[in-house]
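[1] okay, sequence plus prediction incoming.
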Amino acid sequence: MFIKVKDLELRKMEFDETLASGTLDLGQDVKLKLPLRASGYAEVVKENRGAHLVVEDIRLVGKLSAQVESRCARCLEPVASTVAEEFDLIYRPLGVDTRGEEVSISRAETEIGYYQGDGLLLQDALKEQVLLALPARQICSEDCKGLCPHCGRNLNTETCDCAGAVTDSRWTALEDIRKKLER
């Protein structure tokens, strides 16, 4: 759904969207397992910046819910998780905040997104919110043993016959020095 600024100038636009699993590209590491549901509204917020400059921001307010699947950071097995988020977002026209010099921004300004052209694609905003809601590292369980660093077997389902810690030959010089100091 494309949200046009010109349409929002006339009236607030409500949305109630369901995005099927294959329609939202979340990258190669995350997949949408069940349809994403999002509802809310979009409106124009006019920001006066002096006598002759009015900036038309798009405000998106709503909530979304989805079930996604990503890989466990330890064993690489699929992990399903539910995302349920509420959002209140501001999108400003790209380039309107451009200044000639380097300036610091406030914490509130870090929350502003930008749109280009006539409006904003709702799917892009929803994709961003889903990805931000996911943890940086997803694990299947707290007691996940991960993969063997030598043979690559999943230690949750298999055992391996790999020797304990294999030392890297590059560390032998330091190991020799440590042994000499202990004497």
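    All right, it came through fine.

[2] C-alpha from now on. contacts and neighbour counts both.
    OK.

[3] need the pLDDT of the residue nearest the centre of the chain.
    The C-alpha lying nearest the average C-alpha coordinate of the chain belongs to L131 (C-alpha atoms, centre = their mean; 2.5 Å). Here, the pLDDT recorded for L131 equals 90.

[4] after the host helix or strand of it, next one along is what?
    Per DSSP states H and E: L131 is located in helix 122-133. Using DSSP H and E, the helix or strand that follows helix 122-133 in sequence is helix 172-182.

[5] any idea of the mean pLDDT in that following helix?
    90.

[6] show the average pLDDT along the lengthiest strand in the chain.
    Scanning the chain for the strand with the most residues, using DSSP state E, yields strand 54-71. Across strand 54-71, pLDDT averages out at 90.

[7] ok, then the element right after it?
    Past strand 54-71, the next helix or strand by DSSP H and E is strand 78-93.

[8] related to what we said a few turns ago, just the angle between the longest strand of the chain and strand 78-93, please?
    Using axes from the mean of the first three to the mean of the last three C-alpha atoms, to 10 degrees, the direction of strand 54-71 lies 170 degrees away from that of strand 78-93.

[9] strand partners (parallel or antiparallel) of strand 54-71?
    Take DSSP bridges as the rule and strand 54-71 pairs in its sheet with strand 30-32 (antiparallel), strand 36-48 (antiparallel), strand 78-93 (antiparallel).

[10] gap between it and the chain center?
    Strand 54-71 has its C-alpha centroid displaced from the chain centroid by 11 Å (C-alpha atoms, centre = their mean, to the nearest Å).

[11] ok, stretch 90-99 next?
    The answer for stretch 90-99 is 22 Å, by C-alpha atoms, centre = their mean.

[12] can you check stretch 15-31 too?
    13 Å.

[13] ok, stretch 78-96 next?
    8 Å.

[14] could I get the strands paired with strand 54-71 as JSON lines with distance to C160?
    JSON lines is the format used below for the strands paired with strand 54-71 (distance: least, C-alpha to C-alpha, whole Å):
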{"stretch": "strand 30-32", "distance to C160": "29"}
{"stretch": "strand 36-48", "distance to C160": "40"}
{"stretch": "strand 78-93", "distance to C160": "22"}
